[in-house]
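fold the following and give me the result.
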Amino acid sequence: MRLEDIAVGLRRRSAWEAIDLGQVMLRQWAPRIYGTWFATYWLAGLLLLAFWPWPEYVIPLLWWLKPLFDRVLLHVCSRSLFGEACSVRDVLRELPRLLRAPGLISGLSLRRFSLARSLLLPVWQLEEQRDAAARARFALLGRRCRGHAVWLTFFCANMSSVLLLSLLLLLLALVPGEHPDWSLWDWFSDGESPARHLVGTLGFMLAETIVEPLYVASGFSLYLNRRSELEGWDLELGLRRLAQRLAAGVANAPPLLVLLVVGTCWLVPAPALAATAPPAGVAAFGDADAALAPLPAKPPAAARAVIDAVLADPVFGQLRHDWRWHWRRHESPSGEPGHSWLAVLAGLAESLAEFLRGLLWLFTGLALAVLVLLLVRYRRRSAPTGPQRQPEFVAGVDLRPESLPVEVAPVAAAALARGAAVEALSLLYRGALRSLIAQRQIGFAAGDTEEDCLQRVAGQVPVAVERCFAEVIEAWCLVAYGGRPLPGRRGEELLAAWQRHFGSSGGGQR
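Got it, this is the predicted structure:
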């Protein structure tokens, strides 16, 4: 391939203008690009629709495999750039080589979500860079235009979504009759018919057909503009044309002028001619078979020595990263800095910035101290400890073993029979607490109230046990604190429920 054959006018362009150039390239090469797109992307999509048993997974799979089809579009664009006719048969013949190109696995895994992949794909496919060399190339190409590649991805992704939603809304609007229960979610829900999934998938493929070729062509034109900026392709082509015009002028010159030039060259000493010979590391103008190959990673030794000598000068040999804001000072014609009041304001602003920076560090330190304190405190609370000694009194009632009978239920029944409801409910309440401590390992505190006991039991025991405990506490509060009698046969019902859930534990065991 020769640079003279490039079908694009090479000149300095901004990144946005280079992205617009991709749209012009797409219009110029539309038959080739869309022919290969329909022969690959649509063929794969229709095969998935025909044989895939789960139609709801077709759209995610097609979205994930887009970098694979982007390689086909980039292959067509790179061949068309040098005026080569690239038919569908040629592209299909090149598919195995495109699949073996570097970066395919990375493009479908780690870098699938890279927002600058339209700029990075040519590094893999056209330059065939790998590993560290590819990463260094990514950094160099994206130094000034990575943000533009990110915005290109953002725009195309949103445009594809807008087109898909617009198509589905149009279909919903054109369906005859009223369908109040239809929504856009119906098109992609699992319970819908395969026909809905088929229509949604076709809409997605149509939206990608409109957007994806533009995305690849614009990313490729952005890459070309960056390469031309770095390697001076426009200057090289200008020099080649100048050399061709000079050669044509010499060929058409009169014989007398030719003899004069030859005689002058005969008089020039040979060392002078040797001094003007091009260095061995510089390629001839006609050698452009690798026009899209990158520049050598390391310059020749002579060029490296010149570069080092230039960088050794104090003007160039300084590299400093400054992330602070500085006022742009304008020098007056007399050499004195103008706008002294602006300098005073700048000084005040810098002082305020330093003060705020100090406050920021202070508050950061305080926040870290508070965070460490909270972590230590809650770690102590949540740290597993050994068996703790249970309190002898909870909510003002005595839980010592000697204060309860061995069999709580018969004593409570006897108290109910003689009308001592407070004594009976006290036995049931204390017996339930002892049972929860012994059988369920519920930890109570000496200062817990009846409500606190309910909160500690909640979610720690079966629902029936928790309900029985709550009913005992409710009756205890009604009789002991409210001074009201138990209604009807409420005492017998509570005693029967207590025996079912707490009677086996033996509330007064010693």
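
quick one, phi/psi of V397?
phi -110, psi 150 (degrees, to the nearest 10).

no wait, W29
Torsion angles at W29 (phi, psi; degrees, to the nearest 10) stand at phi -110, psi 20.

ok, it - contacts?
Residues in contact with W29, defined by CB atoms under 8 Å, 6 or more residues apart in numbering, are V76, C77, S80, A217. Every C-beta, even on glycine, is put in place using the N, C-alpha and C of the backbone.

and it, how far is that from L494?
89 Å (CB to CB, to the nearest Å).

one more: V58?
Plainly put, V58 is 64 Å away from L494 if you go by CB to CB.

ok, those two, which is more surrounded?
Neighbour count, other CB atoms under 10 Å: between V58 and L494, L494 has more, with 22 against 19.

what pLDDT is listed against the more buried one?
Listed pLDDT for L494 reads 83.

which of the helices or strands spans it?
helix 490-502 (DSSP states H and E).

also I210?
helix 194-231.

list the buried residues in that helix.
Neighbour-count burial for helix 194-231, counted by 16 or more other CB atoms under 10 Å, picks out 196-197, 199-201, 203-205, 207-209, 211-229.

return the list of helices and strands in contact with that helix.
helix 15-28, helix 30-37, helix 43-51, helix 58-64, helix 66-81, helix 117-125, helix 131-141, helix 146-174 (3 or more CB pairs under 8 Å, 6 or more residues apart in numbering; DSSP states H and E).

where does the stretch 151-300 of the chain have low pLDDT?
When residues are selected by pLDDT under 70, those of the stretch 151-300 of the chain lie in 177-194, 234, 237, 249-299.

now do the residue nearest the centre of the chain, the pLDDT please.
Nearest to the geometric centre of the chain sits F113, at 6.6 Å (CA atoms, centre = their mean). The model reports F113 with a pLDDT of 86.

gap between it and D131?
Distance from F113 to D131, counting by CB to CB: 20 Å.

before we move on, what about A85?
Distance, A85 to D131, using CB to CB: 35 Å.

start to end distance for stretch 413-429?
The first and last residues of stretch 413-429 sit 14 Å apart, counting by CA to CA, to the nearest Å.

what comes into contact with that stretch?
Under CB under 8 Å, 6+ apart, the answer for stretch 413-429 is 397, 404-405, 408, 411-412, 472-473, 475-476, 479-480, 485-486, 491-492, 494-495, 498, 507.

what residues of it count as buried?
A413, A415, L416, A421, E423, A424, L425, S426, L427, L428, Y429.

now, these that are in helices?
In helices, judged by DSSP state H, the following of the buried residues of stretch 413-429 are found: A413, A415, L416, A421, E423, A424, L425, S426, L427, L428, Y429.

confidence score at the last one?
According to the model's per-residue confidence, Y429 sits at a pLDDT of 82.

quick one: it from A409, how far?
The value you get for Y429 to A409, if CB to CB is used, is 13 Å.

picking that back up, among the buried residues of stretch 413-429, which one sits closest to L454?
Using CB to CB, Y429 is the member of the buried residues of stretch 413-429 that sits closest to L454, with 11.8 Å.

how far away is the closest one from D448?
Y429 sits 13 Å away from D448, going by CB to CB.

again with I307
Relative to D448, I307 is positioned 80 Å away (CB to CB).

so those two - more neighbours on which side?
Neighbour totals were compared for I307 and D448, and D448 leads with 18 against 12 (other CB under 10 Å).

helix, strand or coil: sort out that one for me.
Judged by DSSP: H, G, I helix; E, B strand; the rest coil, the three-state class of D448 is coil.

that one reaches I442, doesn't it?
No - using CB atoms under 8 Å, D448 makes no contact with I442, being 10.6 Å away.

list the residues that contact both of the two?
Counting by CB under 8 Å, 6+ apart, the common neighbours of D448 and I442 are R456.

what sits against the residue lying closest to M159 once chain neighbours are set aside?
Excluding the flanking residues, the one nearest M159 by CB to CB, 6 or more residues apart in numbering is V211, at 5.4 Å. By CB under 8 Å, 6+ apart, the residues touching V211 are C156, M159, S160, L163.

same for the helix ranked longest in the chain, what does it pack against?
The single longest helix within the chain, with elements called by DSSP H, is helix 340-382. Applying 3+ CB pairs under 8 Å, 6+ apart, one finds that helix 340-382 contacts no other helix or strand.

let me see the mean pLDDT of the following helix or strand past it.
Next along the chain after helix 340-382, taking DSSP H and E as the criterion, comes strand 393-394. Averaged over strand 393-394, pLDDT sits at 76.
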